[in-house]
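[1] predicted model and sequence below, questions to follow.
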Amino acid sequence: QVQLVESGGGLVQAGVSLRLSCAASGRTVSTYAVGWFRQAPGKEREFVAAISASGGVTFYADSVKGRFTISRGNAENTVFLQMNSLKPEDTAVYYCAAVQGPTSRVWEEYDDWGQGTQLTVSS
């Protein structure tokens, strides 16, 4: 089991950039596929982005493609989500999750989760 802690959320204005971090401990995160998911009030959890254990494969939701970039900082045992051109509809709690298996867009396939970090984008 790997422990995950998200950070970097906050209150920002539309159009700015922000980077979320998912710091891992207990295991080396480079052996895990990692996904970012988000959940807005009253809505279901939705997929945002995912990266394979090797870092060679990435998936993005259509709503963030071209604006968000997921990457690995293996030296820091961390996975990042760079978010550019933020929109009010990006407002949500953002979670990172890990699985020792195929990279997936499906949240039920992930085993280990962080506690989430709140992002609020004002218009």
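    Perfect, I can see it now.
[2] tell me which helix or strand the residue nearest the centre of the chain sits in.
    Computing the C-alpha centroid of the chain and ranking residues by C-alpha atoms, centre = their mean puts residue 36 first, at 2.6 Å. Using DSSP states H and E, residue 36 falls within strand 33-39.
[3] mind listing the strands that strand pairs with, and their directions?
    Within its sheet, and counting by DSSP bridges, strand 33-39 is paired with strand 46-51 (antiparallel), strand 92-99 (antiparallel).
[4] residues making contact with that strand?
    Around strand 33-39, the neighbours that count as contacts under C-beta atoms under 8 Å, 6 or more residues apart in numbering are 20, 22, 45-53, 70, 72, 79, 81, 90, 92-105, 107, 110, 116, 119. No exception for glycine: its C-beta is placed from N, CA and C like everyone else's.
[5] now do the buried residues in that strand.
    Going by neighbour count (16 or more other C-beta atoms under 10 Å), the buried part of strand 33-39 is 33, 34, 35, 36, 37, 38.
[6] could the strands paired with strand 33-39 go into CSV alongside distance to residue 13?
    Compiled in CSV, the strands paired with strand 33-39 are given as follows (distance: least, C-beta to C-beta, whole Å):
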stretch, distance to residue 13
strand 46-51, 20
strand 92-99, 16
